[in-house]
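Peer 1: here are the coordinates; sequence isn't available:
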């Protein structure tokens, strides 16, 4: 487990916007490739960086996990939807994802009675993680509803 005194969960720093979006983009790309090596890649690394910089960071509630000055995870929420939660390769299993998720849940409580997310059916690690944290599978998709064309699961957690 991570030493809670060293792990900091924070919002992005506007004065370091470019550097932080680049770091988070690289973390996102690497984590997805490690967890889901057969997943269809939709965008080049450069396009992913642009998407993070132009869409995700400006339009979502973002939290960054920082350990000893290094970004080791991030989460993004849009209303009742947790859209992203990724931990840097080599840093999973230390409680970083749980800390990020707890912050996002607490932030969402005043806004929505339910927090929702999608996970790919093939991502057994993510599914176990969310189920351990009280999320329940409420719908199974055949992949026609996502860009990757990958069967998915919609999870929900009651926040009230």
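Peer 2: Now that the structure is in, tell me what you want to look at. Note that the coordinates shown come from a computational prediction; the quantities given were computed from them, not determined experimentally. Numbers count the residues shown, from 1 in each chain.

Peer 1: Report the rounded mean pLDDT for the longest helix belonging to the chain.
Peer 2: Using DSSP state H to define each element, the chain has its longest helix at helix 17-35. Summarised as a single mean, pLDDT over helix 17-35 is 96.

Peer 1: What's the local residue count around residue 117?
Peer 2: Number of residues near residue 117 (other Cβ atoms under 10 Å) recorded here: 22. Bear in mind the C-beta positions are built from the backbone N, C-alpha and C, glycine included.

Peer 1: residues of the longest helix of the chain that come out buried?
Peer 2: For helix 17-35, burial by neighbour count (16 or more other Cβ atoms under 10 Å) applies to 20-21, 23-29, 31-32, 35.

Peer 1: Backbone dihedrals for the closest residue to residue 56 other than its chain neighbours, please?
Peer 2: Nearest residue to residue 56, sequence neighbours excluded (Cβ to Cβ, 6 or more residues apart in numbering): residue 76, at 5.6 Å. When read as degrees, to the nearest 10, the backbone of residue 76 gives phi -140, psi 130.

Peer 1: Residue 108 against residue 117, yeah?
Peer 2: No - here residue 108 does not reach residue 117: they are 10.9 Å apart, not a contact under Cβ atoms under 8 Å.

Peer 1: Between the two, which contacts overlap?
Peer 2: residue 82 (Cβ atoms under 8 Å, 6 or more residues apart in numbering).

Peer 1: what about the chain, any weak spots by pLDDT?
Peer 2: The model of the chain has pLDDT under 70 over residues 1-5.

Peer 1: Helices of that one, residue ranges please.
Peer 2: With DSSP H as the criterion, the chain has helices spanning 17-35, 45-51, 57-59, 96-108, 124-132.

Peer 1: Can you tell me which helices and strands the first one packs against?
Peer 2: Counting contacts by 3 or more Cβ pairs under 8 Å, 6 or more residues apart in numbering; DSSP states H and E, helix 17-35 packs against helix 45-51, helix 57-59, strand 70-78, strand 81-87.
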